[in-house]
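Chemist: missing the sequence, but the structure's below:
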């Protein structure tokens with residue numbers, strides 16, 4: 001099945017929220033407990049409407065359905081959807097700061113078919129075209145393998161407080177985009 005990539009629009013938000021939930025529940029179960037996944041879906045995972053407004057969030061379609069999503073950002077917020085507190089819309093300086101790779105999710109029924117790589121290649125090209133020499137992201141544990149295979153280097157694991165005594169583990173990762 002051929003896949004196509006396009007910019008996400010506000011009309012896609014319901015489908016994106018459903019995809020994110022399917023992806024988190026289906027692809028994270030080996031790495032996170034159900035309580036962590038459900039807690040993350042209340043803030044750490046979700047649509048960031050700022051990315052849609054900035055036109056830096058994309059969907060991958062296959063067979064007439066959205067099967068993947070992800071984007072990049074020239075703003076300071078590293079991860080999290082609209083419901084996450086502490087977001088920062090400050091514009092980054094491409095001469096001194098890294099662009100952010102954001103909110104990658106793939107439908108479990110379409111996993112490991114190149115959708116994440118398609119999105120990542122596109123986002124890295126876009127960040128480079130906007131003057132960024134480096135990108136960084138906050139990887140979920142299931143996402144670490146993809147990013148490491150694509151040249152991202154991980155830092156020490158971080159524990160993000162989800163509230164109600166629950167936390168989830170992420171790995172900050174970074175990559176130079178070269179010349």
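Modeler: Thanks, I have it. For clarity, every value in this text was computed on a predicted model and none was experimentally measured.
Chemist: Now residue 18: which helix or strand?
Modeler: In this structure, residue 18 sits in helix 13-27 according to DSSP states H and E.
Chemist: Show me what the mean pLDDT comes to for that helix.
Modeler: Averaged over helix 13-27, pLDDT sits at 96.
Chemist: Show me what it packs onto, helices and strands only.
Modeler: Helices and strands touching helix 13-27, as assessed by 3 or more Cβ pairs under 8 Å, 6 or more residues apart in numbering; DSSP states H and E, comprise helix 34-40, strand 65-73, strand 99-106. All C-beta atoms are positioned from the backbone trio N, CA, C, and that covers glycine.
Chemist: Any buried residues in it, and which?
Modeler: For helix 13-27, a neighbour-count test (16 or more other Cβ atoms under 10 Å) marks 16, 19-21, 23-24, 27 as buried.
Chemist: where's that helix relative to the chain centroid, distance-wise?
Modeler: Helix 13-27 sits 12 Å away from the centroid of its parent chain (Cα atoms, centre = their mean, to the nearest Å).
Chemist: Show me the residue at the heart of this protein, geometrically.
Modeler: Geometric centre of the chain, nearest residue: residue 103, 1.9 Å, by Cα atoms, centre = their mean.
Chemist: Dump the buried residues of helix 13-27 to TSV, plus distance to residue 172.
Modeler: Shown next, in TSV, are the buried residues of helix 13-27 (distance: Cβ to Cβ, whole Å):
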residue	distance to residue 172
16	24
19	24
20	20
21	24
23	20
24	19
27	20
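Chemist: Closest to residue 167 out of those residues?
Modeler: For those, the residue nearest residue 167 by Cβ to Cβ is residue 24; the value is 15.7 Å.
Chemist: so who does that closest one touch?
Modeler: 37, 40-41, 45, 105 (Cβ atoms under 8 Å, 6 or more residues apart in numbering).
Chemist: just the strands in this protein please.
Modeler: Ranges of strands within the chain are 4-7, 57-62, 65-73, 99-106, 134-140, 153-154, 158-163, 166-176, based on DSSP state E.
Chemist: before we move on, the earlier item: figure out which of the helices and strands packed on helix 13-27 is closest to residue 6.
Modeler: Distance to residue 6, taken as Cβ to Cβ, is lowest for strand 65-73 among the helices and strands packed on helix 13-27, at 9.7 Å.
Chemist: contact partners of that closest one?
Modeler: Against strand 65-73 from outside (Cβ under 8 Å, 6+ apart): 3, 8, 12, 15-16, 19-20, 50-51, 54, 56-61, 99-107, 109-110, 115-116, 118-120, 123-124, 126-127, 135.
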